[in-house]
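1. quick one, fold the following:
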Amino acid sequence: MAVKTSRPWWRDPWISGLAAVAIALAGMTYALRMIDNTMLSKLPLTTLAGKTTDLPSLAAGKPVVVNLWATWCPPCRLELPYLAAAQRQEPGISFVFVDQGEDAVTVERFLGGAHLGIDNVLLDTGTRLGREIGSTALPVTLFFDASGRMVDSHVGALSPTLLAGKLSRLR
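-> Have a look, this model is predicted:
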């Protein structure tokens, strides 16, 4: 008499397929929420020095790249050097780095050790900006034209090539 062994539920092709469809639908829903929030947020954010500011103030009439990140996020750490280099090479574009959910001490300690030399680091300790744009993951990078209208977005780590292509649309 043969004994039938059952495989774990996650190895079932039907369940795996349904999970893949659910993930794809969630991604499309996320993208649709990003399209609904097309203007630069006016949410108050905090500088590392403790002052309140907002994204339109930092944009100063230029195109702006807004990066939502955290010190504990490996993909964020991977892309930060590319964004830092782009900030130095693209003076006509404002770059803003909005840390999600961490305090100034944690962020300053990380930045000091990473030697990135980035400007416009803001704190969003309540992760309100992430929720406003419908972000469920980090990093998220948003690209706005000079009028403050979102023209592109990216979820996940940016490669130098991908970043260069997105920046060319802003110039």
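2. show me the contacts for the most centrally placed residue in the chain.
-> Centroid check for the chain by C-alpha atoms, centre = their mean gives V140 as the closest residue, at 1.7 Å. With contact taken as C-beta atoms under 8 Å, 6 or more residues apart in numbering, V140 is in contact with N67, L68, G130, I133, S153, H154, V155. Yep, even glycine has a C-beta here, placed from its N, CA and C like the rest.
3. taking these one by one, which sit in helices?
-> Residues of these located in helices (DSSP state H): G130, I133.
4. between the contacts of V140, which sits nearest A59?
-> Comparing these against A59 with C-beta to C-beta places N67 closest, at 13.8 Å.
5. pLDDT weak spots in this structure?
-> By pLDDT under 70, the weakly predicted segments of the chain are 1-37.
6. please enumerate the strands of it.
-> Assigned by DSSP state E, the strands in the chain fall at 45-47, 52-53, 64-69, 94-100, 121-124, 140-144, 150-155.
7. just give the nearest non-adjacent residue to L40, would you?
-> G148 (3.9 Å; C-beta to C-beta, 6 or more residues apart in numbering).
8. report the separation between that neighbour and Q100.
-> In this view, G148 and Q100 are 21 Å apart by C-beta to C-beta, to the nearest Å.
9. and the two? which has more neighbours close in?
-> Legend: neighbour count by other C-beta atoms under 10 Å for G148 and Q100, higher for Q100 (24 against 17).
10. isn't the more buried one right up against L138?
-> Yes: assessed by C-beta atoms under 8 Å, Q100 is found in contact with L138 at 6.3 Å.
11. what touches both of those two?
-> L68, W69, A70, G130.
12. and which of those residues is nearest to P56?
-> L68 (16.7 Å).
13. how near is the closest one to P139?
-> From L68 to P139 the distance is 6 Å (C-beta to C-beta).
14. what is the end-to-end distance of stretch 114-123?
-> Distance between the two ends of stretch 114-123: 18 Å, counting by C-alpha to C-alpha, to the nearest Å.
15. distance from the chain centre to it, please.
-> Distance of stretch 114-123 from the chain centroid (C-alpha atoms, centre = their mean, to the nearest Å) equals 15 Å.
16. what comes into contact with it?
-> With contacts defined as C-beta under 8 Å, 6+ apart, stretch 114-123 is touched by 45-48, 53, 58, 77, 80-81, 83-84, 87-88, 94-99, 102-104, 107, 111.
17. repeat that for stretch 85-92.
-> For stretch 85-92, the surrounding residues in contact (C-beta under 8 Å, 6+ apart) are 62-63, 65, 93, 95, 117-119, 160, 163-164, 167, 171.
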